[in-house]
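> predicted model, plus sequence, below.
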Amino acid sequence: STGAPIINSNTTSLTGASLTTTVNGVASTALDLTPAIKANETVTTLAQDLGTGTITYSNEAATAATAQVTSTNAGNILTVGTDGGSLLTPTAITNATTVSNTSAVNSLTTTVNGVAGTAVPIINTNETSLNAGNLTTTVNGVASAPLDLTPIITAATTNTLGLAGNTLTSTVNGVAATSDAVSGVSNASAVNTSTVTVNGITSTGAPIINSNTTSL
């Protein structure tokens with residue numbers, strides 16, 4: 001007879017680690033290849049300590065090598081988070097920040113983390129005003145409450161008058177000034193009335209002859 005093929009079809013399939021062959025439409029029992037893979041595979045591991053953040057890698061020869069995610073150097077403000085990664089919090093930044101101020105005469109200098117800024121004036125403007133007896137100071141545009149100086153002025157003011165001859169002396173807070181008590185005197189008469197004018201002020205007229213009798 002004419003020859004005919006014994007194997008008409010042969011397919012192989014792999015599902016996961018299970019191998020199946022199908023010959024002429026007849027499938028074989030699945031073969032678990034896991035033991036063979038395990039016996040011949042190259043095994044490496046990578047693990048991390050969530051407490052320290054340290055990553056450990058083991059190669060095919062089981063030789064371990066480590067990598068430090070978060071430095072343990074002094075001054076490092078990074079900490080290890082719950083997932084093993086490096087963690088930076090606002091509190092850590094605040095705690096690690098130093099700020100200081102120094103002043104000299106009218107200059108203010110601020111130093112942050114050891115870096116000093118350019119000195120700036122403390123007082124930019126200083127003005128004093130007096131309204132009646134009230135004193136107001138305005139510094140950098142901020143005005144104080146008015147201070148009533150009246151009690152101080154009254155308590156500290158002295159004023160005396162003295163007359164010696166025709167010299168009148170006024171002394172205010174120890175400073176003396178003088179002037180003539182009488183700077184001008186004039187007399188005038190009209191009929192039987194006489195007037196005297198002193199420093200521009202005229203007296204009331206008085207009779208010149210108060211009585212005149214004749215007897216024989």
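Okay, I see it. Numbering: from 1, shown residues only.

> tell me, how many residues neighbour Thr11?
Here the number of neighbours of Thr11 (other CB atoms under 10 Å) works out to 10. Just so you know, the C-beta spots here come from the backbone N, C-alpha and C atoms, and that holds for glycine as well.

> oops, could you answer that again for Lys38 instead?
10.

> ditto for the one 3 residues further on
For Glu41, the number of neighbouring residues by other CB under 10 Å comes to 8.

> tell me the contacts of it?
Contacts for Glu41 (CB atoms under 8 Å, 6 or more residues apart in numbering) come out as none.

> surely Ala65 and Thr56 touch.
Yes: counting by CB atoms under 8 Å, Thr56 is a contact partner of Ala65 at 7.3 Å.

> which one of those two has more residues nearby?
Using other CB under 10 Å as the criterion, Ala65 and Thr56 rank with Thr56 on top: 13 against 9.

> that one sits in which helix or strand?
strand 54-58 (DSSP states H and E).

> please save the CA atoms from that strand in PDB.
Extracted C-alpha coordinates of strand 54-58, given in PDB (Å, rounded to 0.1, in the frame of the first residue of the first chain):
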ATOM      1  CA  THR A  54      19.300  48.800  54.700                       C
ATOM      2  CA  ILE A  55      19.000  46.800  51.500                       C
ATOM      3  CA  THR A  56      20.700  43.400  51.300                       C
ATOM      4  CA  TYR A  57      21.400  41.700  47.900                       C
ATOM      5  CA  SER A  58      22.600  38.000  47.800                       C
END
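
> can you pull the buried residues of that strand?
Buried positions in strand 54-58, judged by neighbour count with 16 or more other CB atoms under 10 Å: Thr54.

> partners of that strand, with directions?
Strands that pair with strand 54-58, judged by DSSP bridges, come out as strand 45-48 (antiparallel), strand 64-68 (antiparallel).

> dump those strands into a markdown table; add mean pLDDT as well.
Shown next, in a markdown table, are the strands paired with strand 54-58 (pLDDT from 0 to 100):
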| stretch | mean pLDDT |
| --- | --- |
| strand 45-48 | 93 |
| strand 64-68 | 94 |
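
> want to throw these into CSV with distance to Gly3?
CSV is the format used below for the strands paired with strand 54-58 (distance: least, CB to CB, whole Å):
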stretch, distance to Gly3
strand 45-48, 57
strand 64-68, 63
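
> who touches the most centrally placed residue in the chain in this structure?
Most central in the chain under CA atoms, centre = their mean is Thr110, positioned 10.4 Å from the mean C-alpha point. Applying CB under 8 Å, 6+ apart to Thr110 gives the contacts Val99, Ser100, Asn101, Ala116, Gly117.

> what residues are bridge-paired with the second one?
With DSSP bridges as the criterion, the beta-bridge partners of Ser100 are Thr111.

> cool, and the fourth one?
Here Ala116 sits in beta bridges with Thr111, as judged by DSSP bridges.

> Thr150 touches Ala156, doesn't it?
No: applying CB under 8 Å, one finds Thr150 not in contact with Ala156, separated by 11.0 Å.

> is it true that Thr91 lies in a strand?
No: according to DSSP: H, G, I helix; E, B strand; the rest coil, the state of Thr91 is helix, so it is not within a strand.

> what about it, neighbour count?
For Thr91, using other CB under 10 Å, the count is 9.

> just Gly53 next, same as before
Neighbour tally, Gly53, other CB under 10 Å: 22.
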